[in-house]
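>>> everything below, folded, please.
(4 chains)
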2 protein chains.
Amino acid sequence: MRYRAGIETRSRILEATRDLVAQTGLEKTTIKAICERAGILVGSFYNLFDSKEEAILTVVADAIRAVGPHDNGPATLGDLIEAYVAFVEEQEATARVYLMVAVTGGLTDSDIRARMLRHHNRRIDLFTEALTTARPDLGDTDLRQRVEALLAALNGLAFHRLLDPTFDLRRHARGLLAIGAR
Amino acid sequence: MRYRAGIETRSRILEATRDLVAQTGLEKTTIKAICERAGILVGSFYNLFDSKEEAILTVVADAIRAVGPHDNGPATLGDLIEAYVAFVEEQEATARVYLMVAVTGGLTDSDIRARMLRHHNRRIDLFTEALTTARPDLGDTDLRQRVEALLAALNGLAFHRLLDPTFDLRRHARGLLAIGAR
DNA sequence: CCGATCTTTGAGTGCTCATTCTAATTTGAT
DNA sequence: ATCAAATTAGAATGAGCACTCAAAGATCGG
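Numbering: from 1, shown residues only, chains lettered A, B, ... in the order given. Next up, the predicted model:
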């Protein structure tokens, strides 16, 4: 893959894969459907990817990466929550892929499970750090447990937002701050 | 299905289907795997079920039914939350099926989606009724929105409990009461 | 504008899946 | 014990899947 054509085809494949996974799930996404949506034939797919799994894993990795945040400066718990809400609202298909994997994908595929676990731990650390500055009185175990609950609830709310576009995710997510800050 | 043998085979099939769905997901569950686990051959399966879908739909319907509560007396929000926690802790495989469907299954299969939607609305009504007696000062729209958030967060916490058996679901679920009652 | 390299094409392969069918066996009411 | 109905067995069918391959076409540095 060195010519422009190949690079463009590759990104069209990834886009098609992401949309199909978001729409129909990890398992139901087929090579045929990906190729139809990307406007190519099977041979072209296999010129750029070794397997269907590679394409899906790339999409999942991208989705996990997209959750962010992307600047590494110190953030408050409120900042982190706002960033997550913005991600869900602005990148719906990617957010859908992320949530599917966060919530069920890890159960079946071991590569995805491992990647999601690493991501989750990084995220726990990030949120715990933010909460520590807000609540220096709490012990480390208590902090982490509150953060685990906060993230689980946040994912629950985000899923509801994807099922019901009228659901006011931002408002409810802000309400969750109480779990940690109270 | 009138002889004892048939009835027993049927329940072994449903048990095998439930465990496999809980373990590998709705899509990856195959007839072959179901039959192997149930200790039968394909012919026997199709003597008792018209299709794979019928068996899976039965398992899903059972899981949705199992969430309860089963007595129809008036319950407090605390009672409802405790009942849900008990369900998740005591019927792990069934709870896993329920959560998978609650969170993703509705996206693909329209039968399951419709069933889950009806269940969800019944559940919203039940929880809203409980919250109304605790907070008669709130308007109906506000009440329902709080309950939506509470249930979404509760599902998020329950999923986390299934991924991490050391997670103290009961404690965190009680913490969520604040969302509604505050 | 040449030619080595990359890209596309699309029929073909082998596998697994859900489902069917017929014959053999088991059941249990009489 | 008999026998009609229920149940089980297991090979067979056809559709759809991921993936391969050899040939034709497109690209772009020189």
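>>> the helix or strand of chain A with the lowest mean pLDDT: what's the following helix or strand?
Using mean pLDDT, DSSP states H and E, the weakest-scoring helix or strand in chain A turns out to be helix A:106-108, at a mean of 68. As assigned by DSSP states H and E, the chain's next helix or strand after helix A:106-108 is helix A:110-134.
>>> which SS class is the residue of chain A most remote from its centre?
For chain A, the largest distance from the centre (Cα atoms, centre = their mean) belongs to residue A:137, which lies 31.7 Å off. Reduced to three states with DSSP: H, G, I helix; E, B strand; the rest coil, the structure at residue A:137 is coil.
>>> who are the contact partners of the residue in chain A positioned nearest to chain B?
Evaluated by Cβ to the nearest Cβ, chain A has residue A:156 as its residue closest to chain B, separated by 2.5 Å. To be clear about C-beta, it is placed using only N, CA and C from the backbone, and glycine gets the same treatment. Listed by Cβ atoms under 8 Å, 6 or more residues apart in numbering or on different chains, the contact set of residue A:156 reads B:152, B:153, B:154, B:155, B:156, B:157, B:159.
>>> need the pLDDT of it.
Predicted confidence (pLDDT) at residue A:156: the value is 90.
>>> with residue A:176 instead?
The model's pLDDT for residue A:176 equals 83.
>>> neighbours of it, how many?
24 (other Cβ atoms under 10 Å in any protein chain shown).
>>> distance-wise, check the residue nearest the centre of chain A relative to DNA strand D.
For chain A, the residue sitting closest to the mean C-alpha position, by Cα atoms, centre = their mean, is residue A:98 at 2.8 Å. Distance, residue A:98 to DNA strand D, by Cβ to the nearest atom of the strand, to the nearest Å: 21 Å.
>>> go ahead and confirm that residue touches residue A:62.
No - look at residue A:98 against residue A:62 with Cβ atoms under 8 Å: they stay out of range, at 9.4 Å.
>>> just the pLDDT at residue A:104, thanks.
Model confidence at residue A:104 (pLDDT) stands at 76.
>>> residue contacts, it?
B:25, B:100, B:103, B:104.
>>> which strands or helices does the helix or strand encompassing the second one pack on?
Okay, so that is residue B:100. Assigned by DSSP H and E, residue B:100 belongs to helix B:92-100. Here helix B:92-100 is seen to pack against helix B:4-24, helix B:52-66, helix B:77-90, helix B:140-163 when contacts are counted using 3 or more Cβ pairs under 8 Å, 6 or more residues apart in numbering or on different chains; DSSP states H and E.
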